[in-house]
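Engineer: sequence first, then the predicted structure:
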Amino acid sequence: MNMLKGTLFASAALGLAAATPAAAQTAEVLHYWTSGGEAAAVASLREAFEAAGGTWIDSPIAGGGGDAQATVLRSRVLAGDPPTAVQIKGPNIQDWAEAGSLANLDEVAAQEHWDDILPPLLRDIVTYEDHYVAVPVNIHRVNWMWINPELLAQVDAEVPTTWEEFNEVATRLQDAGITPLAHGGQPWQDATVFETVVLGIGGPDFYRAALVDLDPDALTSDTMIEVFDQMRTLRGFVDDNFPGRDWNLATRMVMNGEAAFQIMGDWAKGEFAAAGLEPGTDYVCAPTPGASGYILNSDSFAFFNVEGEDRIAGQNLLASLILGPEFQETFNLLKGSIPARNDIDMSGFDACAQQSAEDLAAAVADDSLVPSMAHEIAIPRAPRGAFLDVVTEHFNSDMSSEEAVERLLEEVELAQ
Amino acid sequence: MADTRAGAASGGPARVAGWLQRHLPKIVVAPSVIAALVFFYGFIIWTAYISLTGSRMLPDYELIGFQNYQDIWRLSRWNTAVWNLAIFGVLFIGVSMLVGCVLAVLLDQRIRAEGALRTIYLYPMAISYIVTGTAWRWLMDPEIGIEAAVRNLGWESFTFDWITNRDMAIYTIVIAAVWQASGFVMAMVLAALRGVDQEIIKAAWLDGASLPQIYRRIIIPSIRPVFLGAFVILMHLAIKTFDLIMAMTSGGPGTATSLPATFMYDMAFQRDRLDLAATSAVMMLVTVTAIIVPYLYSEIRAGRRD
């Protein structure tokens, strides 16, 4: 009798143990990928999660490029009810980790050997005090130039590799009545161009000193004055109606032959792809001029401290899925970026993505991989805002480069 | 014994009813009073407190004194915003009042189709600022708006590119806001004009006063309270203007059309600077109070003297 009871208990316990991980894995995912290719990319993650037996609670927050989501997140964490995973990036991850809100993913990371597959810069972004607290989804390259090859051929020009060459080609285009640079006058777009100029003129070490460490000497250096001089030159290559223009309208100008160049991250490729254009023939992608390097932007999911077995199990499953090879490939093909892990076969990707992956490996090797300031990877949002204010004010007015540098120093100091 | 019990039985409900009658109004308004106390005055105090702390992404309750009030004036963005509010506020209130009064006086001349005209002028007020802003952004856009239309008519050198010109962009906001609000001022003034005692006006006629004199000396002074009402409404519209900016220029070109409200939004929701956002909110509140309170006070005193 006793033995029978014991067996019954044991089998019941076994049955429970076997059933629990499969039946109860819940993840609530807060994200702002609600449009087009991004929504399709999230749907692919959801399918993978549900195929593995999990329950997915979708919490999309549309609009505001993450501002609306930040407000929701803030109130939910303060109310003690954080979501499982939230789409946040860069130093914002460190802020939440410092507030003690993030979970520890070291177990999954060790199982899946994240240390070996992530670029070192990306590892720094998703860890806090050497513990994994977030998972990167992709890698975007910011310092791309998108070029209309026909217009370049009209003035008999090659793809420029230095800013002097760029200025020379742009002047020739302008003389031929072609707008050289398609640009949208929004602060983040001004800052995107600005950081590619900082990298091109100053090189990776200067970039890190100025835009990552916020070193006052670098911010007020002659190199920085040169950078602002180049921004002033670029202002002359932009058409008159640029203020407020969205980036995808600027991309369309390159497509339609209204402008020759656009400086924008590789999400611009999605616009070309949607129009059925092929890289290499219909449009050309090339790294921005000047010193070689790779400005990295990466989306990631941070994992919050949740309670309950099912939620923690769901968290671990989701974390391993996000960085798993299958999801990395499907997601990044849809989004236009490249995988965050370095062991994915790139043959299924287009030429620009393949070059991006090659350049990334080269940049890791010669230490020229730098985080994007304009896209909230390098520095927290307050000093980033200071950069945006000064860069956009300078670009839109007749402020001198010397004054811009002074203002930059003051506003960056105030924002720290 | 039996009497007292009967008295208690009949007096009980009556007393309850009497008590209810006396206190029912208070009970009914109590929830909204409490809500106003907590959500309005409570959060004003909370915001003022946060402005004295070093809060960044999350509220931090350690006081640091008035540091934020010094720092905020060193931000060029805030200075631009305050200066823009001064330009916008003065022009928006002034021009709306002027246009509204002129329209009201013209409509007051017992003209034909007054009802239709009144509706036309009042209708913009029924539209939200987002719609107004979007429509005016298209009108002002040099590529598709007024400039393009006039050029297509043959005037090739015509230029109207204020919205892309950082020195003029704030005036495009004024134009859109005036278009929206002046009909509302007109309706208020017109209603007041109709309320003026016709006997006084007839008496003035008989004394040989001219029409402009009647308006200036008799009618306008007698409808003064309406101007206070219009002024208060326009001023709070001006200070909280946010959606119009977002729809028309998003604060651009550069930061040329920033207003304190857009500054506050950026600091709170884009830059994780709750402290500076709270500081700017308190400064806006103080500005409103500084203008409204003396004006209200003088108006109320003038009212009592009458």
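Structural biologist: Cool, the structure landed.
Engineer: drop to CA atoms for contacts and neighbour counts, all remaining ones
Structural biologist: OK.
Engineer: ok, now which ones touch residue 108?
Structural biologist: You didn't say which chain, so I picked chain A. A:316, A:319-320 (Cα atoms under 8 Å, 6 or more residues apart in numbering or on different chains).
Engineer: hmm, no, I was thinking of chain B.
Structural biologist: So residue B:108 contacts B:190, B:193-194 (Cα under 8 Å, 6+ apart).
Engineer: just the buried residues of the residues you listed.
Structural biologist: B:190, B:193 (16 or more other Cα atoms under 10 Å in any protein chain shown).
Engineer: tell me the one of the contacts of residue B:108 nearest chain A?
Structural biologist: Taking Cα to the nearest Cα as the measure, chain A lies nearest residue B:190 of these, at 39.7 Å.
Engineer: from residue B:110, how far out is the closest one?
Structural biologist: Distance, residue B:190 to residue B:110, by Cα to Cα, to the nearest Å: 12 Å.
Engineer: and for residue A:411?
Structural biologist: Note on residue A:411: its distance to residue B:110, by Cα to Cα, is 59 Å.
Engineer: these two: which has the busier surroundings?
Structural biologist: residue A:411 (22 against 9; other Cα atoms under 10 Å in any protein chain shown).
Engineer: spit out the contact partners of that one.
Structural biologist: A:383, A:386-387, B:75.
Engineer: now do the buried residues in the helix or strand that contains it.
Structural biologist: Residue A:411 is part of helix A:401-414, with elements assigned from DSSP states H and E. By 16+ other Cα under 10 Å, the buried positions in helix A:401-414 come out as A:401-402, A:404-405, A:407-412, A:414.
Engineer: hmm, back to that, possible to save the contacts of residue A:411 as CSV with neighbour count, secondary structure and distance to residue B:274?
Structural biologist: Formatted as CSV, the contacts of residue A:411 follow (neighbours: other Cα atoms under 10 Å in any protein chain shown; DSSP: H, G, I helix; E, B strand; the rest coil; distance: Cα to Cα, whole Å):
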residue, neighbour count, secondary structure, distance to residue B:274
A:383, 22, helix, 14
A:386, 24, helix, 15
A:387, 25, helix, 19
B:75, 17, coil, 15
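Engineer: tabulate those residues (CSV), appending pLDDT and distance to residue A:113.
Structural biologist: As requested, those are exported to CSV (pLDDT from 0 to 100; distance: Cα to Cα, whole Å):
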residue, pLDDT, distance to residue A:113
A:383, 92, 34
A:386, 92, 38
A:387, 95, 37
B:75, 88, 46
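Engineer: show me which residues of chain B sit near chain A.
Structural biologist: For chain B, the residues in contact with chain A (Cα under 8 Å from any Cα of the partner chain) are B:57-58, B:71, B:75, B:77, B:142-143, B:164, B:166, B:249-250, B:252-255, B:269-273.
Engineer: ok, the residue nearest to residue A:38 when sequence neighbours are not counted - contacts?
Structural biologist: Computed as Cα to Cα, 6 or more residues apart in numbering or on different chains, the closest residue to residue A:38 that is not its neighbour in sequence is residue A:335, at 6.0 Å. By Cα under 8 Å, 6+ apart, residue A:335 lies in contact with A:37-38, A:41, A:267, A:270.
Engineer: dihedrals phi and psi, residue B:208?
Structural biologist: When quoted as degrees, to the nearest 10, the phi and psi of residue B:208 stand at phi 90, psi 20.
Engineer: off-centre distance for the longest helix belonging to chain B?
Structural biologist: For chain B, the helix that runs over the most residues, judged by DSSP state H, is helix B:2-35. Centroid separation between helix B:2-35 and its chain, computed with Cα atoms, centre = their mean, to the nearest Å, is 42 Å.
Engineer: state the distance from the nearest residue to residue A:136 once chain neighbours are set aside to chain B.
Structural biologist: The shortest distance from residue A:136 to any non-neighbouring residue, by Cα to Cα, 6+ apart, is to residue A:300 (4.0 Å). Using Cα to the nearest Cα, to the nearest Å, residue A:300 is found at 18 Å from chain B.
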